[in-house]
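In: okay, here's the prediction I keep looking at, along with the sequence it came from:
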Amino acid sequence: MISSYCMLPCNVYHNENHEVNQMKYLTLRNGWYIYNRRVPNCYKEFDTRQRIRIALNTKCEKVAMKQLLIVNDEVENYWKLLVKEQETHSIDKYKRLVTTAKQLGFTYVPSSKLTEIPWEDFLSRFLSLKNHIHQKELVQAIAGTDDQRQLPLSEALERFWRYSKPLLITKTPNQQRIWKNSRKKAVNNFIKQVGDKNIFEITNLDMIALRDWWLERVQTDNIKPDTVNKDFTHLKGILETVNTHEQLDMDIDVIFKNIYLKEDNVSTRLPFETDFIINELLNENNLKGIEDEAKYILYAMAETGARPIELLNLYGDDIFLNEDIPHIHIRPRKGYSLKTKDSQRKIPLVGYALKAFRKYPNGFSRYRDKSSQFSHYINAFLLENKLRPTLDHTLYSLRHSFQDRLTEHEIPDRIQCQLMGHSFKAKGRIAYGKGASLKHLCEVMRRIKLLNNNC
């Protein structure tokens, strides 16, 4: 039974000395101010942490005092809410289970994941249970519980706003709007590419997937690496703030390891070497397990150098297999526009590309209008199967490899632009005439093709 005094805030005196009383919760560590308060006895049943430590992110005592008042009110309101709803601080339960499992010689695993652990570990846990069968928390530590930590990224952002109020004190309304919008954008980009994941399940692979998406935009839309890195910094800051304020014990640095873009790496736009494409990337033995349509899209992109979105938005009436010169016609249609007017073009089909479109003569319906999801899937598959020499090699690198093959065979700039979908005028040249014929383009494609067959 909870005594009535527990329903009231502890150690708070609502008078003129209220601010003075709260000064004792202010601690200076390495020049930075921290909110540091012991959990009052009347709340220990609901919040078993010894102390609450929250970084105030300032070295200025005046600013720290303003932030302290806000943070302390939020902490006290949180405790009162726990009492009102008769709930406990759930993160602590999880941490107790983790600690108990370690003391018993196990790594804590939620019950839903027990089927994924090695058989020897599962058997060891089963045998250990008989010694603790009547001790509920020990059983949960050994065999897991479905009471996992759940905090979607979107909800973490809402908590971040609360914890960040002190940072906005000195900002104008317009500065606050800009500050918030940049962080909303970072979260929305992650959710769009990866999903609204539980933050406890976010991994470095998720960040690599987001990085891959950004790399494509850097290479196609001339976005600066600094813009990308700011997005990652905002995302990391959100996770770090929530992690610190709620003492979640997440390793944020591991999640963001080797994620930030370097200016020199991006400007290089690394292509795959031709030998690597033929012998490794498109080797059937290395593509075991890949989704079938995805494999043939990979074939088509490697051979034609077309943008993923261009290939994925082809329909049957854009694919001409029964003509004297089989080819595809990349063109706009209702509800779909090309990057530029120069992107509209015809590309003769040879080698792997002809093989791909013979298999899928009506286009790739599974991934139509889903270029981001496709790129995410392919880049993850290539990474997991060690088919990316570096993280700077992505699906889009195949387009750069195609450009390199054109250059190596000394194909004239005008034809290179025609096949790539680039503007010849952008190179400072005047485009006279209609350009190369389909027959001429076919001869070029045969000279640079990857698959040495009769196509």
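Out: In hand now; what should we look at?

In: quick one, strands of this protein?
Out: Per DSSP state E, the chain carries strands over the ranges 26-29, 32-38, 51-55, 319-320, 327-330, 345-348.

In: the longest one: partners in the sheet, and parallel or antiparallel?
Out: Right, the one you point to is strand 32-38. Strand pairing for strand 32-38, using DSSP bridges, gives strand 26-29 (antiparallel), strand 51-55 (antiparallel).

In: looking at residue 384 now. What's its pLDDT?
Out: In this prediction, residue 384 carries a pLDDT score of 90.

In: how about residue 238?
Out: Here the pLDDT value assigned to residue 238 is 96.

In: please apply the same query to residue 313.
Out: Looking at residue 313, its pLDDT reads 90.

In: just for this protein, where's the confidence low?
Out: Across the chain, residues meeting the criterion (pLDDT under 70) sit at 1-22, 78, 81-82, 84-149, 263-269, 426-433, 453-455.

In: can you give me the domain boundaries for it?
Out: 4-85, 90-143, 153-268, 274-448 (automatic domain parsing).

In: so can I have TSV of these showing mean neighbour count?
Out: Placement of C-beta: from N, CA and C, glycine included. Compiled in TSV, those are given as follows (neighbours: other C-beta atoms under 10 Å):
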stretch	mean neighbour count
domain 4-85	15
domain 90-143	14
domain 153-268	16
domain 274-448	17
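
In: related to what we said a few turns ago, now the strands paired with strand 32-38 in JSON lines, with distance to residue 74?
Out: What follows is these, written out as JSON lines (distance: least, C-beta to C-beta, whole Å):
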{"stretch": "strand 26-29", "distance to residue 74": "15"}
{"stretch": "strand 51-55", "distance to residue 74": "9"}
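
In: now do residue 218 against residue 166, distance only.
Out: The gap separating residue 218 from residue 166 is 34 Å, by C-beta to C-beta, to the nearest Å.

In: list the contacts for residue 310?
Out: 330, 338, 343, 421 (C-beta atoms under 8 Å, 6 or more residues apart in numbering).

In: tell me which of those residues is nearest to residue 75?
Out: residue 338 (54.7 Å; C-beta to C-beta).

In: for that closest one, give me its contacts.
Out: Contact analysis of residue 338 by C-beta under 8 Å, 6+ apart lists 310, 330, 331, 332, 344, 421.

In: any chance of the strands of the chain in a markdown table, plus distance to residue 157?
Out: Putting the strands of the chain into a markdown table (distance: least, C-beta to C-beta, whole Å) gives the following:
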| stretch | distance to residue 157 |
| --- | --- |
| strand 26-29 | 27 |
| strand 32-38 | 21 |
| strand 51-55 | 18 |
| strand 319-320 | 44 |
| strand 327-330 | 39 |
| strand 345-348 | 42 |
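
In: who wins for proximity to residue 401 among those strands?
Out: Residue 401 lies closest, by C-beta to C-beta, to one member of these: strand 345-348, at 15.3 Å.

In: quick one: the residue nearest to residue 416 when sequence neighbours are not counted from residue 400, how far?
Out: Nearest residue to residue 416 in three dimensions, chain neighbours excluded: residue 406, at 4.8 Å (C-beta to C-beta, 6 or more residues apart in numbering). Relative to residue 400, residue 406 is positioned 11 Å away (C-beta to C-beta).

In: centre of the chain versus the longest helix along the chain, how much separation?
Out: Taking DSSP state H as the criterion, the chain has its longest helix at helix 61-85. Distance, stretch centre to chain centre, for helix 61-85: 32 Å (C-alpha atoms, centre = their mean, to the nearest Å).

In: returning to that earlier point: quick check, nearest of the contacts of residue 338 to residue 240?
Out: Taking C-beta to C-beta as the measure, residue 240 lies nearest residue 310 of these, at 39.3 Å.

In: now the helices: where do they sit in the stretch 201-350 of the chain?
Out: Using DSSP state H, counting those that start in this stretch, the helices of the stretch 201-350 of the chain run over 204-221, 225-246, 252-255, 263-268, 274-276, 292-304, 308-312.

In: out of those helices, nearest to residue 174?
Out: Across the helices of the stretch 201-350 of the chain, residue 174 has its closest neighbour in helix 225-246 (18.0 Å, C-beta to C-beta).
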